[in-house]
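*Asks:* no sequence on hand, only this structure:
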């Protein structure tokens, strides 16, 4: 039996207290197979980033369970097997790009020799070779996003979790990241990412999940989602509007 890369079961999370309590996730259940690219779609405030933060143990769930490669989040160690890129990557501004990747590699228990072998390839792939010895505090938003991708990949993880990976990138940067995700898929990596850029979802994903107001509206093949007619944007908007109308 092949273990799913990510398994989320009846996940619930709320914020606030009393009457002002906001239910961010309602019994969310998702399974992502090893080696697939899964796109997580939803409008602002739908629960996408909350789900990712729960997977990474940045938040604790109110109910339900999460597993990554068969390891229960919060109970078993698994972080060395995943790579994460946030929508707004944070770095120590006084470090250079090279020092940032070295620090991340060492925190992932990589031998120095392995870091030194892998780092040049990632810097070149992310078009950061010439900026490798510049302080990160002087980087543009796009450069930080590309460094964040290199940072997520330095320890060669099996599962990659990206929150809006194209955020702040120009068309050239987006093309680089899309090409990299396609390469990672060919290598057999599992990629779970949220995005508002539906054309990227359509180009890259095997399956998708659509979430709205903390409720999963669809999980399955992209082709099956589009079978109802129209392009991805049209179909996505229709599903969200239908759910909002039903809940009004």
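*Replies:* It's in. Predicted model only: the values in this text are computed from it and were never measured. Numbers count the residues shown, from 1 in each chain.
*Asks:* pull out the buried residues from stretch 128-148.
*Replies:* 128, 131-132, 135-136, 139, 142-148 (16 or more other C-beta atoms under 10 Å). C-beta coordinates here come from the backbone N, C-alpha and C atoms, glycine included.
*Asks:* mean confidence score for that stretch?
*Replies:* In this model, stretch 128-148 has a mean pLDDT of 94.
*Asks:* same deal with stretch 12-28?
*Replies:* For stretch 12-28, the per-residue pLDDT averages 89.
*Asks:* and the contacts of it?
*Replies:* 8, 10-11, 47, 50-51, 54, 59, 61-64, 211, 214-216 (C-beta atoms under 8 Å, 6 or more residues apart in numbering).
*Asks:* now stretch 70-86
*Replies:* 3-4, 54-57, 60, 65-69, 108-109, 145, 148-149, 151-153, 155, 157-163, 165.
*Asks:* of the contacts of stretch 12-28, just the buried ones, ChimeraX syntax please.
*Replies:* Selection of buried members from those for ChimeraX, criterion 16+ other C-beta under 10 Å:
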select :8,11,47,50,51,54,59,61,64,211,214,215,216
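*Asks:* so of the contacts of stretch 12-28, which ones are in strands?
*Replies:* Secondary structure from DSSP state E places 8, 10, 11, 63, 64, 211, 215, 216 of the contacts of stretch 12-28 in strands.
*Asks:* chain neighbours aside, what residue packs nearest to the second one?
*Replies:* Leaving out its chain neighbours, the residue that sits closest to residue 10 by C-beta to C-beta, 6 or more residues apart in numbering is residue 64, at 4.1 Å.
*Asks:* can you tell me the average pLDDT over stretch 198-218?
*Replies:* 93.
*Asks:* tell me which residues of that stretch are tucked away?
*Replies:* So stretch 198-218, judged by 16+ other C-beta under 10 Å, has buried residues 198, 200-201, 204-218.
*Asks:* repeat that for stretch 19-36.
*Replies:* 24, 25, 26, 28, 30, 32, 35, 36.
*Asks:* out of those, who's nearest residue 114?
*Replies:* Taking C-beta to C-beta as the measure, residue 114 lies nearest residue 35 of the buried residues of stretch 19-36, at 23.5 Å.
*Asks:* which of the three states applies to the closest one?
*Replies:* coil (DSSP: H, G, I helix; E, B strand; the rest coil).
*Asks:* and what of residue 29?
*Replies:* Using three-state DSSP, the structure places residue 29 in strand.
*Asks:* please report how far it lies from residue 109.
*Replies:* To residue 109, residue 29 is 33 Å away according to C-beta to C-beta, to the nearest Å.
*Asks:* next: residue 216.
*Replies:* Distance from residue 216 to residue 109, by C-beta to C-beta: 35 Å.
*Asks:* hmm, who's touching stretch 174-189?
*Replies:* Counting by C-beta under 8 Å, 6+ apart, 34-37, 125-127, 145-146, 149, 157-160, 165-166, 169, 191, 193, 197, 200, 203-204 sit against stretch 174-189.
*Asks:* buried residues, it. List them.
*Replies:* Neighbour-count burial for stretch 174-189 [16+ other C-beta under 10 Å]: 174, 176, 177, 178, 180, 181, 184, 185, 189.
*Asks:* got it, and stretch 53-72?
*Replies:* 54, 55, 56, 59, 61, 64, 66, 67, 68, 69, 71.
*Asks:* ok, the most centrally placed residue in the chain - contacts?
*Replies:* The structure's the chain has its C-alpha centroid closest to residue 162; by C-alpha atoms, centre = their mean the separation is 1.9 Å. By C-beta under 8 Å, 6+ apart, the residues touching residue 162 are 84, 85, 152, 191, 192, 193, 194.
*Asks:* name the SS class of the fourth one, please.
*Replies:* Same thing as residue 191. Assignment for residue 191 (three-state DSSP): strand.
*Asks:* can you tell me how far it sits from residue 150?
*Replies:* 16 Å.
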